[in-house]
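[1] Below is the structure, and that's it, no one-letter string:
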């Protein structure tokens, strides 16, 4: 499915939840791997505020693009943020949503 760039140049972005490993399976604890780079993936909760509206996004980022000291409340810059819609069938029910992916999340001034 196609992905769409998200322009955060006028937005204020803060870390809402710290990075956690993105799991393929909660039962096995297997960590998802980036197909392009081979790096383990993490999920970071970001609060993006722009034009008087704030939204919370769970963003997938390769571990190589996430500093270790990223804590809630930290103002950040998001590099290469994209959105992609998805749909799958699980137990006979169709599910759908939007996934968010970035190349890196870096603290402002870093």
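    Here it is on my side, so go on. Note that the coordinates shown come from a computational prediction; the quantities given were computed from them, not determined experimentally.
[2] drop to CA atoms for contacts and neighbour counts, all remaining ones
    Noted.
[3] Let me know the secondary structure of residue 64.
    Classification of residue 64 by DSSP: H, G, I helix; E, B strand; the rest coil places it in helix.
[4] typed the wrong thing, it's residue 38
    Assigned with three-state DSSP, residue 38 falls in the coil class.
[5] what about it, how many residues close to it?
    Residues contacting residue 38 under the criterion other CA atoms under 10 Å number 10.
[6] ditto for residue 40
    There are 17 residues near residue 40, going by other CA under 10 Å.
[7] The chain should start at 25 in everything you say after this.
    Sure, I'll start counting at 25 from here, so that last one is residue 64.
[8] Which residue, neighbours along the chain excluded, lies closest to it?
    Nearest in space to residue 64, with sequence neighbours left out and distances taken as CA to CA, 6 or more residues apart in numbering, is residue 57 at 4.4 Å.
[9] Wait, the one you found touches residue 67, no?
    No. Residue 57 is not in contact with residue 67 according to CA atoms under 8 Å; the separation is 12.0 Å.
[10] who has more neighbours, these two?
    Taking neighbours as other CA under 10 Å, residue 57 and residue 67 compare with residue 67 leading, 23 against 18.
[11] element containing the closest residue to the more buried one other than its chain neighbours?
    Nearest in space to residue 67, with sequence neighbours left out and distances taken as CA to CA, 6+ apart, is residue 84 at 4.5 Å. For residue 84, the enclosing helix or strand under DSSP states H and E is strand 77-86.
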